[in-house]
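> Turn this into a model:
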Amino acid sequence: MRFPWSRKKTEEKAPDYSNYSADQLLDQFKTSNWQKCSEKEKMGILQEFENRNAAASGREPAEVFSLEDPGLLGNYNGESNRIGVNLDTSSYETLDSLVHEGNHAFQKHCIENGRYDNDPTGEMIKAETARDDQGKLYNYRNGSPEYDMQVNELDSNNTAAEFMLSQADRFGDDPEYHRYLEEREAHFSEVNHDLDHRQAIRDGMQSDQIDAALDHGDISQSEHDQLSKCIDDDKYMDREEIRSHELQGEIAETRQRLENKEQNQKENTAEERPEDLLGYGDGGQEQSRRGYDPERGPEILDNNNSESAGELTPSGQSNYDNGWKDIDESKGQNQWDSLMQGPSGENSENNQGQQEEKASDLTGGAPVRDQSSYAGQDNSADRAEDNSEDNTNAYSY
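Numbers count the residues shown, from 1 in each chain. Okay, the predicted model is just below:
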């Protein structure tokens with residue numbers, strides 16, 4: 001006789017989304033779909049996204065887990081290669097966080113593989129994220145305004161915002177996406193104001209960081225001298241500082257475009273067509289949303305047709321040679337060649353070689369937020385680490 005309590009409890013298998021096309025996977029982040037997902041399903045979607053993002057970057061995928069700290073949007077622990085995300089925010093903030101933290105993983109990959117050599121922006125990231133003999137981030141700044149002005153955070157913020165902007169046509173009908181863009185524009189405005197008017201604070205921070213990195217042997221004397229020269233040059237702007245300013249304008253333009261589109265749709269809806277008044281006609285139902293067939297469902301990615309397949313990747317990044325592709329503006333959709341390639345991914349063997357080139361211009365993953373807008377607390381307090389990790393070992397925001 002077997003008693004019920006003697007039976008071995010089997011764990012529920014985590015959902016597998018590896019057979020989803022790029023479009024199918026990204027469509028899960030639409031609010032109407034995301035709200036229907038269980039936490040386990042959400043984690044499965046996020047892990048699959050990270051798996052494809054990592055493959056496109058030529059790095060090992062990080063393990064994605066749900067943060068227990070409601071004051072954090074996300075973090076990355078380079079020692080354990082784990083990414084934490086907050087599921088209590090909108091799907092777009094969660095996706096942004098995942099891309100942001102994935103970019104920190106890419107930065108670590110670049111440092112370990114010498115991809116930042118002879119690159120002042122990359123060398124500054126090496127100094128900012130250097131660790132001591134105990135694996136502690138001895139140079140990383142968590143306080144405000146220094147935190148947001150670090151190159152490694154600017155890079156991750158920029159990369160995530162670029163990716164989210166590249167999905168404007170996909171998510172543009174969702175009010176939550178509009179709110180996400182509004183918050184992003186406000187955040188970039190604040191960060192860029194500090195970059196423009198508090199440069200002395202940044203210069204002092206960076207000088208201290210490169211001195212400490214030199215003392216610890218994490219950068220060479222020549223790298224230190226090159227960085228020192230850049231810091232002392234009033235006219236010098238690193239590329240992430242430039243990108244940050246450009247993105248503020250792009251976010252504003254995207255918001256305006258989506259608002260104009262929404263207004264035009266409202267005006268068109270208000271104008272009744274004569275045939276509808278007579279009781280015949282299709283009532284405009286043929287104007288189904290782009291990429292969606294009412295009878296067939298969401299458009300499925302054709303892995304053999306790169307022109308119709310939207311590939312998931314940040315647009316307009318500074319590292320155009322790293323395997324990502326720009327948005328084809330004439331079609332209004334991304335042309336991804338490898339990242340987010342569906343099930344079998346015919347290009348999977350080519351991915352490694354193509355995306356290994358992702359280095360020279362450093363970019364790659366999801367934005368820093370002004371935490372006070374989420375938790376009503378000061379930024380420096382909100383960037384504490386998840387309870388399961390030591391905060392000196394992880395980037396958090």
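> thought Asp155 was touching Gly102?
No. The pair Asp155 / Gly102 is not scored as a contact, 11.9 Å apart, by C-beta atoms under 8 Å. C-beta here means a position set from N, CA and C on the backbone, and glycine is covered the same way.
> which residue ranges form the helices in the stretch 51-200 of the chain?
91-112, 120-128, 146-149, 151-166, 168-171, 175-197, 199-215 (DSSP state H, counting those that start in this stretch).
> what does the longest one contact?
Here helix 175-197 makes contact (C-beta atoms under 8 Å, 6 or more residues apart in numbering) with 31, 90-93, 96, 145, 148-149, 154, 157, 161, 164, 168, 171, 201-202, 241, 244-245, 247-248, 251-252, 254-255, 258-259, 367-370, 373.
> Can you get me a residue count around Leu98?
27 (other C-beta atoms under 10 Å).
> Spell out which residues sit in contact with it, please.
Counted by C-beta under 8 Å, 6+ apart, Leu98 has contacts 46, 49-50, 53, 64, 74, 83, 85, 365-366.
> most neighbours, which of the residues you listed?
Neighbour counts for these, by other C-beta under 10 Å, peak at Gly74, which reaches 33 neighbours.
> Mind checking the helices of the stretch 51-200 of the chain for the one nearest to Gln134?
Closest to Gln134 of the helices of the stretch 51-200 of the chain is helix 199-215 (C-beta to C-beta; 14.9 Å).
> Same question for the helix or strand just after the closest one: list its buried residues.
Per DSSP states H and E, helix 199-215 leads on to helix 221-232 as the next helix or strand towards the C-terminus. Buried residues in helix 221-232, counting neighbours by 16 or more other C-beta atoms under 10 Å, are found at 223-224, 226-227, 230-231.
> Looking at this structure, which helix is longest?
Counting residues, the longest helix in the chain under DSSP state H turns out to be helix 239-270.
> could you give the angle of that one to helix 199-215?
Relative orientation of helix 239-270 with respect to helix 199-215: 130 degrees, computed using axes from the mean of the first three to the mean of the last three C-alpha atoms, to 10 degrees.
> Show me what helix 239-270 is packed against.
helix 151-166, helix 168-171, helix 175-197 (3 or more C-beta pairs under 8 Å, 6 or more residues apart in numbering; DSSP states H and E).
> and among these, the most buried is which?
helix 151-166 (a mean of 27; mean count of other C-beta atoms under 10 Å).
> Report the rounded mean pLDDT for that one.
For helix 151-166, mean pLDDT rounds to 98.
> next one: stretch 59-66
Per-residue scores along stretch 59-66 average to 97.
> Regarding it, how distant is the last residue from the first?
Stretch 59-66 has an end-to-end distance of 22 Å (C-alpha to C-alpha, to the nearest Å).
> ok so, going back, among the helices and strands packed on helix 239-270, single out whichever gets nearest to Pro15.
helix 168-171 (21.5 Å).
> Please name whichever of the helices of the stretch 51-200 of the chain is nearest to Gln263.
When the helices of the stretch 51-200 of the chain are ranked by distance to Gln263, counting by C-beta to C-beta, first place goes to helix 175-197 at 12.7 Å.
> Now do the closest one and helix 91-112, the angle between them.
50 degrees.
> so helix 175-197 versus helix 151-166, what angle?
Here the directions of helix 175-197 and helix 151-166 differ by 140 degrees (the same axes, to 10 degrees).
> Helix 175-197 - what's its average pLDDT?
Helix 175-197 shows a mean pLDDT of 98.
> try stretch 250-262
Here the average pLDDT along stretch 250-262 is 95.
> what does stretch 207-223 give?
The pLDDT scores in stretch 207-223 average 97.
> Tell me which residues are up against it.
By C-beta under 8 Å, 6+ apart, the list of residues contacting stretch 207-223 from outside reads 123-124, 126-128, 130, 132, 138-139, 224, 227-228, 231.
> Would you mark the buried spots in it?
Buried residues in stretch 207-223 (16+ other C-beta under 10 Å): 209-210, 212-214, 218-219, 223.
> Ok, stretch 242-259 next?
Neighbour counts using 16+ other C-beta under 10 Å place 243-244, 246-248, 250-251, 254-255, 258 of stretch 242-259 among the buried residues.
> ok, Leu154 - contacts?
The contact partners of Leu154, taken as C-beta under 8 Å, 6+ apart, are 148, 191, 240-241, 243-244.
> rerun that using 6 Å as the cut-off
240, 244 (C-beta atoms under 6 Å, 6 or more residues apart in numbering).
> go on, Met124?
Val151.
> From Tyr147, how far off is it?
For Met124, the distance to Tyr147 (C-beta to C-beta, to the nearest Å) stands at 15 Å.
> do Ser91 as well
25 Å.
> Name the residue in these two with the higher neighbour count.
Counted by other C-beta under 10 Å, Ser91 and Tyr147 do not tie: Ser91 has more neighbours, with 24 against 21.
> How many residues are close by the spatially closest residue to that one that is not a sequence neighbour?
Counting by C-beta to C-beta, 6 or more residues apart in numbering, Ser91 lies nearest to Trp34, which is 3.8 Å off, once chain neighbours are set aside. Neighbours of Trp34 under the rule other C-beta under 10 Å: 21.
> Extract the residue ranges of this structure that are flagged as low pLDDT.
1-14, 271-397 (pLDDT under 70).
> go with 90
1-15, 68-71, 117-118, 262-397 (pLDDT under 90).
> Just give the number of residues close to Thr269.
Neighbours around Thr269, by other C-beta under 10 Å: 10.
> again but with Lys136, I slipped
Counted with other C-beta under 10 Å, Lys136 comes out at 15.
> That one and Gln167: what is the separation?
From Lys136 to Gln167 the distance is 36 Å (C-beta to C-beta).
> With Gly114 instead?
In terms of C-beta to C-beta, Gly114 sits 32 Å off from Gln167.
> Export the contacts of stretch 207-223 as TSV, with columns for distance to Asp23.
Listed next are the contacts of stretch 207-223 as TSV, based on distance: C-beta to C-beta, whole Å:
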residue	distance to Asp23
Glu123	38
Met124	37
Lys126	37
Ala127	40
Glu128	36
Ala130	40
Asp132	45
Tyr138	44
Asn139	41
His224	47
Leu227	43
Ser228	48
Ile231	44
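> Many thanks, have a good one.
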